[in-house]
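K.L.:
The sequence isn't on hand, but the structure is:
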């Protein structure tokens, strides 16, 4: 099979790495890709979020399947354009991807599907939203559209609630729509399912680390590391998440004529009254994908191809024994103002029992330099979580560039939960 993978981050490097292992693969293209994907695929300078360019490339190269990594191409309608051209795509159409692109739409779908989630209200008038937030005192304020991970603010008092509404209102135009919802307490985890529009298969539970600093301190980021499997739900409980969250959501989307083919990612809060959905994403998470690809114990290509064609077998996926840990190494100044252009050294000294997935990296002459906030993810597997963490951090120690920083507690919650 000839496959076109869209995207340029660490998630896409991990997907390319896994797809390249398939005996069914004849050629792998990545648009636009990065220096990491170039090691296992052919990078093509095509803009992933421009449907006409993607379709033209897919036709020119006669690809059998397109796999979409990030959310922007999905919301832009790349899957719709590919469907019109008769090219199978692993990634939902724009109407279904709205479950990530619009917080209000996602809440509407959850309510119709009976999915457990936080109580909420939607506003288009900032003054009304501010009055409601102040009355509640403790509230979560979410910008309705895509906001690159910066559109969710948890306010713990009246003044913070007021400031949160004003900050979100300032992100958009007059009449910026926002969702205000109750604050949920518990452990936050990521539950992802491969979906063909009707059937689904659950990937192992994982846990992201969104705050920039150890102990969940500092501002939110796109994710500073992840591990899988997260020990907070057993196999039966994860299956229940599929039955109570994934299945009814797919059913509602299908009734609306929006068959969801791709990854449905439920961000869950494990509350005292059970798992509740914080948000939906319409694609693989980053950096969770990096560890999930290491944990998946079978060929990824037949799975995503079956999803794209509506032919997935609903079953339990094969999972490798042990655990995987991924540590994101970030640039100085991330997440506010990451410093770019720093030479990256030491990648050739990373131990053989670790894998490095590149993200904010570009090739300049004979050197790799930083080009983004999250520069790379260092991943390792182990017979258990403790050993995986040891190997991952030993590998991080080999990497060097000016101003680099990373969290030193990735997976610590999992160790504590398992003890």
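P.N.:
Received it, and whenever you're ready, just let me know what you need. Everything numeric in this text was worked out from a predicted model, so none of it was measured. Numbering: from 1, shown residues only.

K.L.:
From here on, just use CA atoms for contacts and neighbour counts.
P.N.:
Noted.

K.L.:
what pLDDT does the closest residue in space to residue 223 that isn't next to it in sequence get?
P.N.:
Taking CA to CA, 6 or more residues apart in numbering, and ignoring the residues beside it in sequence, residue 223 has residue 210 as its nearest neighbour in space, at 4.4 Å. Residue 210 is assigned 95 on the pLDDT scale.

K.L.:
And for residue 169?
P.N.:
88.

K.L.:
Name the SS class of it, please.
P.N.:
Classification of residue 169 by DSSP: H, G, I helix; E, B strand; the rest coil places it in helix.

K.L.:
ok so residue 14 is a helix residue?
P.N.:
Yes - the assignment for residue 14, made by three-state DSSP, places it in a helix.

K.L.:
For the residue nearest to it when sequence neighbours are not counted, give me the pLDDT.
P.N.:
Of all residues not flanking residue 14 in the chain, residue 290 sits nearest, at 5.3 Å (CA to CA, 6+ apart). The per-residue pLDDT reported for residue 290 equals 98.

K.L.:
ok, and for stretch 184-196, which residues are buried?
P.N.:
For stretch 184-196, the neighbour count (16 or more other CA atoms under 10 Å) marks 184, 188, 189, 190, 191, 192, 193, 194, 195, 196 as buried.

K.L.:
try stretch 301-317
P.N.:
Across stretch 301-317, burial judged by 16+ other CA under 10 Å covers 301-312, 317.

K.L.:
which residues touch stretch 170-181?
P.N.:
103-104, 118-126, 129, 133, 139-144, 168-169 (CA atoms under 8 Å, 6 or more residues apart in numbering).

K.L.:
Show the contacting residues for the residue positioned nearest the centre of the chain.
P.N.:
Closest residue to the average C-alpha location of the chain: residue 285 at 1.4 Å, with CA atoms, centre = their mean. Going by CA under 8 Å, 6+ apart, residue 285 touches 11, 265.

K.L.:
cool, and residue 373?
P.N.:
330, 331, 332, 333, 334, 335, 337, 338, 339, 360.

K.L.:
before we move on, the earlier item: redo the buried residues of stretch 184-196 as JSON lines? Include pLDDT.
P.N.:
As requested, the buried residues of stretch 184-196 are exported to JSON lines (pLDDT from 0 to 100):
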{"residue": "184", "pLDDT": "94"}
{"residue": "188", "pLDDT": "96"}
{"residue": "189", "pLDDT": "98"}
{"residue": "190", "pLDDT": "98"}
{"residue": "191", "pLDDT": "98"}
{"residue": "192", "pLDDT": "98"}
{"residue": "193", "pLDDT": "98"}
{"residue": "194", "pLDDT": "98"}
{"residue": "195", "pLDDT": "98"}
{"residue": "196", "pLDDT": "98"}
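
K.L.:
Got phi/psi on residue 42?
P.N.:
Reported as degrees, to the nearest 10, the phi and psi values for residue 42 are phi -100, psi 120.

K.L.:
hang on, isn't it packed against residue 34?
P.N.:
No - under the criterion of CA atoms under 8 Å, residue 42 is not in contact with residue 34, lying 9.9 Å apart.

K.L.:
So the two - more neighbours on which side?
P.N.:
residue 34 (25 against 17; other CA atoms under 10 Å).

K.L.:
Name the nearest residue to the more buried one, ignoring sequence neighbours.
P.N.:
residue 8 (5.4 Å).

K.L.:
Could you report the pLDDT at that neighbour?
P.N.:
So residue 8 comes in at 98 (pLDDT).

K.L.:
Show the backbone phi and psi for it.
P.N.:
phi -150, psi 20.

K.L.:
I'd like to know how many residues surround it.
P.N.:
So residue 8, with other CA under 10 Å, has 24 neighbours.

K.L.:
any chance you could map the strands in the stretch 51-200 of the chain?
P.N.:
With DSSP state E, counting those that start in this stretch as the criterion, the stretch 51-200 of the chain has strands at 65-68, 89-90, 120-123, 139-143, 152-155, 178-181, 187-196, 200-202.
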